[in-house]
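> starting from these lines, generate the structure:
(one chain, ligands or ions: 1)
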Amino acid sequence: MRVAVVGGGIIGLASALELRRAGADVVLFERGRCGAETSLGNMGWVCPFLVQPMPSWDTLRQAAARVGRREHPVGIIPRLDPSFAGWVLRFLRNVTRHRNTDSLRALYELAQDAPVLYSELAASGVEFEMHEDGILVLAPEADGLRSYLAAASEMAALGYGGQTRLYQGADLRALEPNLGSYPAAGLHLRAERNVRPETVTRGLAAAIGGLGVPIHEGVRVTGLHPDGGGWRVAAADGGGERVDAVVVAGGLWSRDLLAPLGVRLLIEPAKGTSLTYEDTERLIRHPLELADYRVACSTYDGAIRIAGGFELGRFDRSVPDSRVRLLEDAVRTYFPQWPPGRMTARWAGLRPATPDDLPYIGPVPGHQGLYVAAGHGTLGVTLAPGTARAIRSMVIDGVRSPRLFPFRVDRWSAGPTR
Ligand SMILES: Cc1cc2nc3c(=O)[nH]c(=O)nc-3n(C[C@H](O)[C@H](O)[C@H](O)COP(=O)(O)OP(=O)(O)OC[C@H]3O[C@@H](n4cnc5c(N)ncnc54)[C@H](O)[C@@H]3O)c2cc1C
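Sure, this is the predicted structure:
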């Protein structure tokens, strides 16, 4: 079976590897460089615990509390177009207790094996950087961790078996010796991991290239056309391919590719910013979530990355100095010696956000042989291995697990959501 994968981000690359290993004859198209879009400067957390969907009363409460605060990394930049309005409307419809619980269960089921699947990927010869130090959630006083402690009970009920432990005082300082005098408490999510995302996409591209998959970089796919039971993939350079099946894994831009076929994918950009620094002395020892600032830190070999922001509806990728100050000041509250070394990258990426925070994974109804794997929002690294497995079983084996029902492509137009 000949399969074209459109998009060389973490989702497209992971899917291409699964498909190739299952025996498909795969070809991959990437309009720029593989791994150079949203999959580049993210945190690389592999975090099945932290999959709480965005549409919730909690999110609305936090958003309301920020109205009027000019410099805040969470915001909505409204656009006057029907697709944005439709997105917001569906988001609001998902702010109910039962939908939130259903979405959480669906995301957790897709994410739960991610740490093991990353280990398997490494064991199978894909080279990338991975750390198993867990994730430490820091907040001022244990009271600031209340929502995470509540999440721990909820996740345990869903079957999350990872160890979680509350640290305070000297115990916390033993974990993070460079913490300042800020009255912090920490919840250590021991089983979570982090990878350096740019090494994962590089490793995946090398692996699929090594298996003979042609990777057409710098080639934008301009159209998908039904062709005698299969598909003709048209490329901007005038070239293209005749294939049996297509997997659209174009992140945020998947919607543009599918719109001419009458397929309406609700995906909006949610801008996030990251800053990377040298950190040879390991000023910070664990990946951190600073709960009161919604700022994250990810620790790598000789480097550290901090990130924050969720600016919905924003296509620009500027990183103003004010944003840099905001992120740095948040980290400095906890670690007065920040920064640890020279800044080596200043980056902004556009998360492909859906109204219910669930990706689209599955066949496109009415278009035999056309599949989507896009819209992974804040969780693309965590969900990539599970998504790739799902795509393989649908495309190669023709099997669609009921667990994938919540991710169906036509969920806004057909049938109930539960
Ligand atoms: C600041 C920040 C921090 C994050 N931290 C985490 C984290 O810790 N853990 C986590 O799980 N997730 C995290 N994420 C989310 C994660 O980065 C994304 O969900 C993920 O990268 C999406 O991957 P993707 O392959 O779908 O999209 P992309 O990486 O954007 O890849 C899509 C690719 O498709 C290509 N493409 C599009 N259209 C075409 C076309 N017509 N022809 C050819 N090619 C095309 C694009 O050029 C692009 O390379 C974070 C995101 C941000 C912004």
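> now for this protein, the helix or strand with the poorest mean pLDDT.
None of the helices or strands of the chain scores lower by mean pLDDT, DSSP states H and E than strand 74-76, at a mean of 62.
> that one: what's the following helix or strand?
helix 82-93 (DSSP states H and E).
> who touches that following helix?
54-55, 76, 78, 99, 264, 266, 268, 313, 355-356, 412 (Cβ atoms under 8 Å, 6 or more residues apart in numbering). For every residue, glycine as well, the C-beta is placed using N, CA and C.
> let's see which of those end up in helices.
The helices, defined by DSSP state H, take in Arg99 from the contacts of helix 82-93.
> emit the PyMOL select command for whichever of the contacts of helix 82-93 are buried.
In PyMOL, a selection of the buried entries from those looks like this (16 or more other Cβ atoms under 10 Å):
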select buried, resi 54+55+76+99+266+268+313+355+356+412
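> show me which pair in the contacts of helix 82-93 is furthest apart.
The span of the contacts of helix 82-93, defined through Cβ to Cβ, is set by Pro78 and Arg99 at 23.1 Å.
> just name the closest of the contacts of helix 82-93 to Gly44, please.
Nearest to Gly44 among the contacts of helix 82-93 is Met54, at 19.9 Å by Cβ to Cβ.
> grab the nearest non-local neighbour of the closest one.
By the measure of Cβ to Cβ, 6 or more residues apart in numbering, the closest residue to Met54 outside its immediate chain neighbours is Asp357, 4.6 Å from it.
> low-confidence ranges in the protein?
66-78, 414-418 (pLDDT under 70).
> what does it have sitting close to the ligand?
Proximity of the chain to the ligand, by Cβ under 6 Å from any ligand atom, involves residues 6-12, 29-32, 36-39, 42-45, 220-221, 249-251, 253, 257, 272, 274, 307, 349, 351-352, 374, 376-382.
> buried ones among these?
Neighbour-count burial within those applies to 6-12, 29-31, 36-39, 42-45, 220-221, 249-251, 253, 257, 272, 274, 307, 349, 351-352, 374, 376-382; the criterion is 16+ other Cβ under 10 Å.
> just these: which are in strands?
6, 29-30, 45, 221, 272, 274, 307, 349, 351-352, 374 (DSSP state E).
> which strands and helices lie in contact with the helix or strand hosting Thr387?
Take DSSP H and E as the rule and Thr387 turns out to sit in helix 380-395. Where contact means 3 or more Cβ pairs under 8 Å, 6 or more residues apart in numbering; DSSP states H and E, helix 380-395 is packed against helix 10-21, strand 45-46, helix 97-111, helix 114-123, strand 245-248, strand 360-363, strand 370-374.
> cutoff 6 Å now
helix 10-21, helix 97-111, helix 114-123 (3 or more Cβ pairs under 6 Å, 6 or more residues apart in numbering; DSSP states H and E).
> can you say which of these is nearest to Leu172?
helix 114-123 (24.0 Å).
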